[in-house]
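*Asks:* Predicted model follows, preceded by the sequence.
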Amino acid sequence: MAALDELWSYIEEQFHKTMTPMSYTTWIEQATPRSLENNVFEVQVNDSLHKEYWDKNLVTKVIEFAYAYNGIEINPHISIRSDQDQDPVVSASEAAVRAEIPRGDDRLNSRYTFENFIIGKGNQMAHAAALAVSEDPGTLYNPLFLYGGVGLGKTHLMQAIGHQMLATNPDILIKYVTSEDFTNDFINSIRNNDGERFRNEYRNVDLLMVDDVQFFDAKVGTQEEFFHTFNALFDKKKQIVLTSDRLPNEIPTLEERLSSRFKWGLSVDINPPDLETRIAILRSKADNENISAPDDALTYIAGQVDSNVRELEGALLRVKAFAALKHAAITSSLAADALKSLTVAKKDNGLSIRQIQDSVARYYQVEVSDLLGRKRVKQIVMPRQIAMYLAREMTDSSLPKIGKEFGGKDHTTVIHAYEKIETMLKTDKDLKNEVADIRNQLKNRG
Ligand SMILES: Nc1ncnc2c1ncn2[C@@H]1O[C@H](COP(=O)(O)OP(=O)(O)OP(=O)(O)O)[C@@H](O)[C@H]1O
């Protein structure tokens, strides 16, 4: 093991000297050396994209470094770690010294940099793809197509590519537009009879970023114009980055020739962040904005908003404003007060936590007192977590209230139960059916 650790330290040191801090964080810090036997050097990485990058760009260097270190020729073998040994949530800014980023295109948001992007399970592949593109634009993945739900960081990652490319070479030309801007520019160019200026503006850039291509106008030849823009840039090996809320072939108004081109490069999705990542995002946001908030308050907020980072950030700002109004420090109970109206949703009227506990206990043939107790046997832990999950899903109760009604448990216990069941429901069909049964029983209660 010692030989492995020492070799890895040496390799890390060499990469540290030669890579940008952000690349080092993404490619090296997120990799784990596993073994060194018969000169086969096993390294584990997060996903197929990291593996591809390693195989293409880093393996040869590792061989060279190892040879320089002890004169032995090793054979690196890069494998993808399984889901269980994932090591998510990397705060990029922790490890990376903030790169000197010159002022870029005025339309770029200065906050949307790689340094400000928190990497977690849902976005690590998209992040790695974006970083790879910024290091090697126009060749590796062209176009890069980022897709996923609302407010999950697609625009942020896309603009981070722009910032990073400008940081590497301030002379490059970049352009960021939404698909609607493109349409308007095109229509205006026809109206003003200056098609040439329009074409110059779009076809002479090194990086073209088009946000929200699901809104591409189906009329007035816009898509035809974009088709020619795309071809012109692609032929010159200029990088194109696109975002959308879904895959190209799922956009009904998108012409087939565009949709097929959009798939030429790499399409990568961004999924909602898990609890740990949400807390890390809030912590980074709080630090950046000098908001003093204890961990449990951030955990509480992260438990309330789970599928949209923009709303998550909004919730933090709301708590901050509420604290200022009350002249009070931020705590988890203040956060609960501030966010009360967020949790009052369209939920089943009049359903109590007690009714949920009764139904779940009956369904799994356990005692309600077991659900409220602290026994850790599997036959009880699962129904208890399911009951907490349903209490969160089907009532307006706050997390602390749910915790209290489950025998005085902490709200973090409720959040963990919720997250666990939510994750399991994605893959476990039996559990899905059971939870659906209980929901139906509760809905049809007489
Ligand atoms: N992983 C992350 N780390 C830090 N901030 C993030 C992260 N993901 C999203 N954000 C922040 O969340 C907000 C919304 O992100 P963004 O606008 O990029 O989302 P989007 O996916 O493009 O949304 P839309 O579908 O509405 O276009 C931004 O303020 C962004 O900085």
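*Replies:* Arrived safely, thanks for sending.
*Asks:* wait, is residue 272 part of a helix?
*Replies:* No: membership of residue 272 in a helix is not supported by DSSP: H, G, I helix; E, B strand; the rest coil, which gives coil.
*Asks:* what about the closest residue to it other than its chain neighbours, which SS state?
*Replies:* Spatially, and ignoring its direct neighbours in sequence, residue 272 is nearest to residue 307 (4.5 Å; Cβ to Cβ, 6 or more residues apart in numbering). In this view, the C-beta of every residue, glycine as well, is placed from N, C-alpha and C. The three-state label given to residue 307 by three-state DSSP is coil.
*Asks:* interface residues of this protein facing the ligand?
*Replies:* Proximity of the chain to the ligand, by Cβ under 6 Å from any ligand atom, involves residues 111-112, 116-118, 123, 150-156, 212, 245, 281, 309-310, 313.
*Asks:* For the residue most central in space within the chain, give me its contacts.
*Replies:* The C-alpha lying nearest the average C-alpha coordinate of the chain belongs to residue 123 (Cα atoms, centre = their mean; 3.1 Å). Residues in contact with residue 123, defined by Cβ atoms under 8 Å, 6 or more residues apart in numbering, are 117, 152-153, 157, 270-271, 273, 277.
*Asks:* Please report phi then psi for it.
*Replies:* Torsion angles at residue 123 (phi, psi; degrees, to the nearest 10) stand at phi -130, psi 0.
*Asks:* and what of residue 241?
*Replies:* phi -130, psi 130.
*Asks:* residues near whichever residue of the chain sits closest to the ligand, how many?
*Replies:* Per Cβ to the nearest ligand atom, residue 153 is where the chain lies closest to the ligand, at 2.8 Å. Residues lying near residue 153 (other Cβ atoms under 10 Å) number 24.
*Asks:* Am I right that it is in contact with residue 119?
*Replies:* No: Residue 153 is not in contact with residue 119 according to Cβ atoms under 8 Å; the separation is 10.2 Å.
*Asks:* how close does residue 414 sit to residue 57?
*Replies:* 44 Å (Cβ to Cβ, to the nearest Å).
*Asks:* between the two, which one's more packed in?
*Replies:* Higher neighbour count among residue 414 and residue 57: residue 414, with 26 against 15, using other Cβ under 10 Å.
*Asks:* Quick one: residues in contact with whichever helix or strand that one is part of.
*Replies:* Using DSSP states H and E, residue 414 falls within helix 411-427. Identification of contacts with helix 411-427 by Cβ under 8 Å, 6+ apart yields 274-275, 296, 299-300, 302-303, 306, 332, 384-386, 388-389, 391-392, 398-400, 402-403, 406, 431-432, 435.
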